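S.K.: what's the 3D shape of this:
(4 chains)
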Number of protein chains: 2
Amino acid sequence: MDIQTVILGFLMTHNMTGYDIRQKFDMSFGFFSGLSFGSIYPALKKMEQNSLITTQFVVQEGAPNKKLCTITDKGREFFQESMRTPLPVDKYKNSFMARLFFFAHLAPDERREMAMAYMDSLEHTQEKLRESEPVIRKHADPFQVLCFESGLRFTEDLKKNIADVLEALEDPGV
Amino acid sequence: MDIQTVILGFLMTHNMTGYDIRQKFDMSFGFFSGLSFGSIYPALKKMEQNSLITTQFVVQEGAPNKKLCTITDKGREFFQESMRTPLPVDKYKNSFMARLFFFAHLAPDERREMAMAYMDSLEHTQEKLRESEPVIRKHADPFQVLCFESGLRFTEDLKKNIADVLEALEDPGV
DNA sequence: TGCTGCATGTAACTAGTTACATGATTGT
DNA sequence: ACAATCATGTAACTAGTTACATGCAGCA
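M.R.: Numbers count the residues shown, from 1 in each chain, chains lettered A, B, ... in the order given. Here you go, the predicted model:
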């Protein structure tokens, strides 16, 4: 899903600034993909030029002024169309799997260490997910909760997968 | 893992042309990531300039001439170093999950259709994996086989995950 | 006659990233 | 005094993609 569609998806329900979008994204969508200011602001600019959104300058006291973005009818149409394009076939990109592919060139100890370090990083990810769980259950819609639960399960499955790999690495025949 | 490291990884065991690399990649690594000629050839050029590889022009009859690439000592060092850099934390990018996140804006029928279409594409992926299985078991090293098996399992787990989502979508409360 | 395989390469494009620049306010 | 939060934006860079250009050999 491209950045424009994601932004429009957020604007479907609330008017937001670029800063708000970043925050919302980080909280709810952050384990799927990242979104930096360096991509948000240029995207908003382009979207305004294409009349997918309008912006309203809001003067604030005690905080910097801001630009509140509102989705237009054209923007809603764009979002709906983009939501209905066929899904691409995903590649199962995974940094550890890419390493594993060339494990023959590492020493047995290094292999185990690397697999264990990856397992640790998965546990860390899981912890962070659990921390954000109450906020999501409270503020997200049922599909977003479903999405979150799938993310949890995804991580859990991957951990089991890596545990199996670790076991195989202990086998002196490998 | 960047493209240079992957290419060097292949060259660790065999001298190859850009064309060979593409083929090998597609067969064994293709479900993790893609590699097009448009990135292979510029990468090889850069690697030769940086003395990570040397190339040898091979004149052929009945087939186009080719450039056989050989890894240098510097290339081996580069590969070993790169294999030992800390693994980045992966994002769980998944086109269907990104859609699911905004399912509130689709009609119930559309939601189910999309989930089922994604399930079909996963089954298609699995079929292709099973087709390449005998070739991999025969030619790949034990770690690459482990990698392949993890890929199979990954797909299987994802299918179960999506099946759960589909079930939740049938619930009239969602 | 036209498709597939072998083989290399460039040009234009897509889609992001990080680092930098600016600057007020609030909490420690 | 220093960091964090709010807030917007640009510039240089990274890392790839697709489409195009070339051209011979072998097969149906």
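
S.K.: only C-alpha atoms for contact and neighbour calcs from this point on.
M.R.: Noted.

S.K.: Can you tell me which helices and strands the lengthiest helix in chain A packs against?
M.R.: Taking DSSP state H as the criterion, chain A has its longest helix at helix A:108-139. Applying 3 or more CA pairs under 8 Å, 6 or more residues apart in numbering or on different chains; DSSP states H and E, we find helix A:108-139 packed against helix A:18-28, helix A:142-170.

S.K.: so what's A:Tyr41 closest to, chain neighbours aside?
M.R.: A:Gly18 (6.5 Å; CA to CA, 6 or more residues apart in numbering or on different chains).

S.K.: Next, format the helices and strands packed on helix A:108-139 as CSV and append mean neighbour count.
M.R.: Formatted as CSV, those follow (neighbours: other CA atoms under 10 Å in any protein chain shown):
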stretch, mean neighbour count
helix A:18-28, 17
helix A:142-170, 18
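
S.K.: any idea how chain A splits into domains?
M.R.: A:3-83, A:95-170 (automatic domain parsing).

S.K.: for the record, mean pLDDT for the longest one?
M.R.: Average pLDDT, domain A:3-83: 94.

S.K.: what does chain A put close to DNA strand D?
M.R.: A:17-20, A:37-39, A:41-42, A:45, A:63-68 (CA under 7 Å from any atom of the strand).

S.K.: Could you list which of these belong to helices?
M.R.: Reading helices off those with DSSP H, I get A:Gly18, A:Tyr19, A:Asp20, A:Phe37, A:Gly38, A:Ser39, A:Tyr41, A:Pro42, A:Lys45.

S.K.: A:Thr55 versus the first one, what's the distance?
M.R.: Applying CA to CA, to the nearest Å, the value for A:Gly18 to A:Thr55 is 11 Å.

S.K.: any residues in contact with both of those two?
M.R.: A:Lys67, A:Leu68, A:Cys69 (CA atoms under 8 Å, 6 or more residues apart in numbering or on different chains).

S.K.: For my notes, please list those residues in CSV and give neighbour count and distance to chain B for each entry.
M.R.: As requested, the shared contacts of A:Gly18 and A:Thr55 are exported to CSV (neighbours: other CA atoms under 10 Å in any protein chain shown; distance: CA to the nearest CA, whole Å):
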residue, neighbour count, distance to chain B
A:Lys67, 15, 24
A:Leu68, 17, 21
A:Cys69, 22, 19
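
S.K.: could you dump the residues you listed to TSV with distance to A:Val135?
M.R.: Output for the shared contacts of A:Gly18 and A:Thr55, formatted as TSV (distance: CA to CA, whole Å):
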residue	distance to A:Val135
A:Lys67	26
A:Leu68	24
A:Cys69	24
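
S.K.: Going by distance to A:Gly30, which of these wins?
M.R.: A:Gly30 has its nearest neighbour among the shared contacts of A:Gly18 and A:Thr55 in A:Cys69, at 21.2 Å by CA to CA.

S.K.: if I pick that closest one, what's in contact with it?
M.R.: A:Leu11, A:Asn15, A:Met16, A:Thr17, A:Gly18, A:Ile53, A:Thr54, A:Thr55, A:Gln56.

S.K.: Compile these into CSV and extend it with columns for distance to DNA strand C.
M.R.: Listed next are these as CSV, based on distance: CA to the nearest atom of the strand, whole Å:
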residue, distance to DNA strand C
A:Leu11, 16
A:Asn15, 20
A:Met16, 17
A:Thr17, 14
A:Gly18, 13
A:Ile53, 17
A:Thr54, 20
A:Thr55, 19
A:Gln56, 18
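
S.K.: so A:Phe31 touches B:Tyr92, yeah?
M.R.: Yes - between A:Phe31 and B:Tyr92 there is a contact at 6.1 Å, judged by CA atoms under 8 Å.

S.K.: Comparing the two, which residue is more hemmed in?
M.R.: Neighbours were counted for A:Phe31 and for B:Tyr92 using other CA atoms under 10 Å in any protein chain shown; A:Phe31 has more, 20 against 17.

S.K.: any idea how far A:Met1 is from the residue nearest to A:Tyr41?
M.R.: According to CA to CA, A:Gly18 and A:Met1 sit 18 Å apart.

S.K.: swap in A:Glu61?
M.R.: For A:Glu61, the distance to A:Met1 (CA to CA) stands at 37 Å.

S.K.: Counting neighbours, go ahead and name the busier of those two.
M.R.: More neighbours surround A:Met1 than the other of A:Glu61 and A:Met1, with 17 against 6 (other CA under 10 Å).
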